[in-house]
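# would you be able to build a 3D model of this:
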Amino acid sequence: MNTLTLNAGRITALGRSELTLLVRNRATLTLALLMPLMMVFVLRSSLGDSEGAQAVGEATLTGGIGMVLLLVVHMNLVSSYVARREELVLKRLRTGEASDVEILSGTALPAAALALAQIAVLTVAGAAVLDVATPRNPLLILAAVLAGVLLLAALSAVTSSFTRTVETAGLTTLPLFLASVLGSGMFAPVDSLPDVVASVCELLPLSGVMTLVRAGWSGGAAGGDLLGAGLTTLAWIMISVFAVQRWFRWEPRR
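Modelled structure (predicted):
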């Protein structure tokens, strides 16, 4: 890769171009924008006045944050990277002044901004509609979400390297999606699983992020658990960045 330099102006310009392409895809944009509110209202209608609604509401909102990260950042970005690669956009951009990091960051910028906006709406509207207590530590949630965006953006670039076409992106993103939904504690803490399974699931890419999100919302997590979650997330970010440098494809697969 080229020198790891960053220029805010170039990243913003690339992000603006990517945003224009995203806006033109009305179906994807509409679904992405409406997903958080749809999730909140569907859950509200299904919960009724059942006991434990507070706990279920918190679990749904924290899980919803994970879903937004997976659907808006990971799945959307894999398709974007593959499409720009196959259209030779990445190859042309690489011949200009922009560094590799700026190109990848600019492409990811609209998806990251959209995910942050959705999570903000989900947090505020969800807490109001579901009558759930507001987060105890919003800064911890923000730090976890930003780390999740960075991690999934890097993982998206890695996944795109093994994705031949935009049509097959749904298949290559499925393993991480299923592993995260089932094993990363998105809707239930990992420690509720059997010991051996829990030990493995704690090492999944999104497990650390979700532990931090839940701790930021409801509190009660031990310092050691938070440290472990932070280190796991940091380790996956470093692994993902290394994998991008090693395997990311800038030209179409032949």
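# what's the helix or strand hosting T123 packed up against?
Using DSSP states H and E, the element containing T123 is helix 100-129. Applying 3 or more C-beta pairs under 8 Å, 6 or more residues apart in numbering; DSSP states H and E, one finds that helix 100-129 contacts helix 8-24, helix 26-47, helix 53-68, helix 76-86, helix 89-94, helix 138-161. Backbone N, C-alpha and C define where each C-beta goes, glycine included.
# report the buried residues of it.
Going by neighbour count (16 or more other C-beta atoms under 10 Å), the buried part of helix 100-129 is 100-112, 114-116, 118-119, 121-123, 125-127.
# which of the helices and strands packed on helix 100-129 is buried the deepest?
helix 76-86 (a mean of 23; mean count of other C-beta atoms under 10 Å).
# what average pLDDT does that one get?
For helix 76-86, the per-residue pLDDT values average out at 91.
# save the helices and strands packed on helix 100-129 as CSV, and put in distance to A188 too.
Shown next, in CSV, are those (distance: least, C-beta to C-beta, whole Å):
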stretch, distance to A188
helix 8-24, 33
helix 26-47, 15
helix 53-68, 7
helix 76-86, 26
helix 89-94, 39
helix 138-161, 17
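# and those helices, which one's lowest on average pLDDT?
Among the helices and strands packed on helix 100-129, helix 26-47 scores lowest, with a mean of 63.
# for V181, list the residues it contacts.
Neighbouring residues of V181 by C-beta atoms under 8 Å, 6 or more residues apart in numbering: 66-67, 70, 187.
# coming back round to it: looking at the helices and strands packed on helix 100-129, which is closest to S218?
Nearest of those to S218, taken as C-beta to C-beta: helix 53-68 at 5.8 Å.
# name the helices or strands packed onto the closest one?
helix 26-47, helix 100-129, helix 138-161, helix 174-183, helix 207-218.
# dump these to a markdown table, plus distance to G57.
Listed next are these as a markdown table, based on distance: least, C-beta to C-beta, whole Å:
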| stretch | distance to G57 |
| --- | --- |
| helix 26-47 | 7 |
| helix 100-129 | 7 |
| helix 138-161 | 16 |
| helix 174-183 | 18 |
| helix 207-218 | 10 |
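# out of those, which gets nearest to L231?
Across the helices and strands packed on helix 53-68, closest to L231 is helix 207-218 (C-beta to C-beta), at 7.5 Å.
# now that closest one, how far from the centre of its chain.
Between the centre of helix 207-218 and the centre of its host chain there is 14 Å, according to C-alpha atoms, centre = their mean, to the nearest Å.
# quick one: that helix to helix 174-183, angle?
Interaxial angle, helix 207-218 versus helix 174-183 (axes from the mean of the first three to the mean of the last three C-alpha atoms, to 10 degrees): 40 degrees.
# spatially central, which residue of this structure would that be?
L69 (2.6 Å; C-alpha atoms, centre = their mean).
# distance check, that one against L146.
11 Å (C-beta to C-beta, to the nearest Å).
# kindly report the same for A111.
Taken as C-beta to C-beta, the span from A111 to L146 is 14 Å.
# closest one to C201 among the helices and strands packed on helix 100-129?
Across the helices and strands packed on helix 100-129, closest to C201 is helix 53-68 (C-beta to C-beta), at 13.4 Å.
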